[in-house]
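1. Build me a model:
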Amino acid sequence: MRILVTGGAGFIGSHTVDLLLQQGHQVRILDSLTPPVHIEGKLPAYVPRDAEFILGDVRDRAAWERALPGIDAVFHFAAYQDYLTDFSKFFHVNTVGTALLYEIIVEKKLPVQKIVVASSQSTYGEGRYECATDGAQYPPLRAVSQLEQRDWEPHCPVCGRAMKPVVTDESQVHPHNQYAMSKYTQEMIALNLGQRYGIPSVAQRFSITQGPRQSFRNAYSGVLRIFATRLLSHRAPVCYEDGGQLRDYVSVYDVARANALVMQDPRANDQVFNVGGGRAITVKEYAHLIARALGEEIEPLIPGEFRFGDTRHIISDIGKLRTLGWEPQVPLEKIVEGYIDWAREQPDLRDYYEDAEREMKAMGTIRKA
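-> Predicted structure coming up:
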């Protein structure tokens, strides 16, 4: 097949490109090569020469019109992600870019057979909890006044009691921030317009994806990158709240396999899937795991700060994707080891956290409890 991968020079996109080429597909990449992920206009060395490259922005109709001719399937991974308050940019890039993709395919009657859109676990907000009294609950965003009292756990919205976090399936979403809302609107565009116009489409809700090629310069997300670069600089990683937040992490190699699978399997058509690691771990435990892998006896710092708008716990239920035969294969320990080995070889390795922390505090994203 002839496949277009938007954001194909980025993290998840580039690993998916590698796998598609290994499977014998012809691949074209559309990427804007913009900071903070990239050095402006510089194509990363890991992008294979076997893939055709087009420099362009998904907000630009002309870029799509250059990239789509002759294409059988599209992986749409180009996206904007940050903690900045330029709310409109999230929707211009993520939502409008996706709408343009479908608009041009329909307008020009292009014979695209499948579209896979990258969504996010963040669409769930706090996800699902169980209250001993009131059963399954999907609590709202925690109030700032609650967090300022260091009351970290969500309360049952019915009785106010503590709840137990459980795995969250694909059935309900409650996006809390601009990024999550923009990703959910991408899903709605893909699945609804895809069904209406006969373009089989799939939305992949990725858990926290980890592995080589995560840009050091994009220091606002990716806990493995942030913690590892701190520890490689012999500095303590910083945990927000009390470090007890539960997360699930998935290898970028397993994500690439999931992407290739849903493209090829017609059972995935017009569906949304969680793509996760199948294992929950606290942020503090993850910091210790990375420190052990590096042979560092450095305790994480827990300064009693919180990030405005963060989710307390989120663990994805991957049972639906498992019914297609997919299973995460790379354990968390191997994800960490592989990332550290890669990071040590990079010429731009340094601790970028302090710069990002300073900016987030100035914006009011990081706050003191």
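2. following the least confident helix or strand in the chain by mean pLDDT, which helix or strand shows up next?
-> Of the helices and strands making up the chain, the lowest-confidence element is helix 353-363, at a mean of 88, by mean pLDDT, DSSP states H and E. If you walk from helix 353-363 toward the C-terminus, the next helix or strand you reach (DSSP states H and E) is strand 366-368.
3. neighbouring contacts of that following strand?
-> Taking C-beta atoms under 8 Å, 6 or more residues apart in numbering as the criterion, the residues outside strand 366-368 that touch it are 144, 147-148, 240, 303-308, 357, 360. To be clear about C-beta, it is placed using only N, CA and C from the backbone, and glycine gets the same treatment.
4. can you name the farthest residue from the center of the chain?
-> In the chain, the residue that sits farthest from the middle, by C-alpha atoms, centre = their mean, is residue 133; the gap is 33.6 Å.
5. Now do the helices in the stretch 51-200 of the chain.
-> Along the stretch 51-200 of the chain, the stretches classed as helices by DSSP state H, counting those that start in this stretch are 61-67, 87-90, 97-107, 144-148, 178-188, 194-196.
6. so where's the protein shaky on pLDDT?
-> Under the criterion pLDDT under 70, the flagged ranges of the chain are 218-221.
7. one more time with 80, if that's ok
-> Per-residue confidence for the chain (pLDDT under 80) gives these ranges: 82-84, 217-221.
8. Please work out how many residues are found near residue 54.
-> The tally of other residues near residue 54 (other C-beta atoms under 10 Å) stands at 15.
9. Could I get the contacting residues of it?
-> So, once contact is read as C-beta under 8 Å, 6+ apart, residue 54 ends up touching 28-31, 63, 66-67.
10. try 10 Å
-> Residues near residue 54 by C-beta atoms under 10 Å, 6 or more residues apart in numbering: 4, 6, 8, 28-31, 63-64, 66-67.
11. Run through the bridge partners of it.
-> Taking DSSP bridges, one finds residue 30 as the beta-bridge partners of residue 54.
12. Next one: it relative to residue 79, how far apart?
-> Counting by C-beta to C-beta, to the nearest Å, the gap between residue 54 and residue 79 amounts to 17 Å.
13. Let me know the distance separating the residue nearest to the residue farthest from the centre of the chain when sequence neighbours are not counted from residue 78.
-> The shortest distance from residue 133 to any residue that is not its chain neighbour, by C-beta to C-beta, 6 or more residues apart in numbering, is 5.1 Å, and that residue is residue 159. Taking C-beta to C-beta as the criterion, residue 159 is separated from residue 78 by 44 Å.
14. So which of the two has more stuff around it?
-> Neighbours were tallied for residue 159 and for residue 78 using other C-beta under 10 Å; the higher tally belongs to residue 78 (27 against 13).
15. In contact with that one, which residues?
-> With C-beta under 10 Å, 6+ apart as the criterion, the residues that contact residue 78 are 5-10, 13, 29-32, 56-59, 63, 93-94, 97-98, 101, 118.
16. Phi first, then psi, for it.
-> phi -60, psi 130 (degrees, to the nearest 10).
17. oh, and call the first residue 49 from now on, that's how I've got it
-> Sure, I'll start numbering at 49, so the last one becomes residue 126.
18. thinking again about what came up before, are any of the contacts of strand 414-416 buried, and which?
-> By the neighbour-count criterion of 16 or more other C-beta atoms under 10 Å, those include these buried positions: 195, 288, 353-354, 405, 408.
19. Could you look up the SS state of residue 382?
-> Three-state assignment for residue 382 (DSSP: H, G, I helix; E, B strand; the rest coil): helix.
20. was I right about residue 352 contacting residue 289?
-> Yes. Look at residue 352 against residue 289 with C-beta atoms under 10 Å: they come within range, at 8.1 Å.
21. shared neighbours of those two, anything?
-> Counting by C-beta under 10 Å, 6+ apart, the common neighbours of residue 352 and residue 289 are 198, 417.
22. Tell me where the stretch 299-417 of the chain has helices.
-> Remark: helices assigned in the stretch 299-417 of the chain by DSSP H, counting those that start in this stretch are 300-312, 331-342, 367-370, 380-392, 401-411.
23. Kindly format the C-alpha coordinates of the first one as CSV.
-> What follows is the C-alpha trace of helix 300-312 in CSV, where atoms were taken according to Å, rounded to 0.1, in the frame of the first residue of the first chain:
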residue,chain,number,x,y,z
VAL,A,300,6.4,3.2,21.2
TYR,A,301,7.2,-0.1,19.5
ASP,A,302,4.0,-1.7,20.8
VAL,A,303,2.1,1.5,19.7
ALA,A,304,3.5,1.1,16.2
ARG,A,305,2.4,-2.5,16.1
ALA,A,306,-1.1,-1.5,17.2
ASN,A,307,-1.2,1.2,14.4
ALA,A,308,-0.2,-1.3,11.7
LEU,A,309,-2.8,-3.8,13.0
VAL,A,310,-5.8,-1.5,13.0
MET,A,311,-4.9,-0.3,9.5
GLN,A,312,-4.9,-3.9,8.2
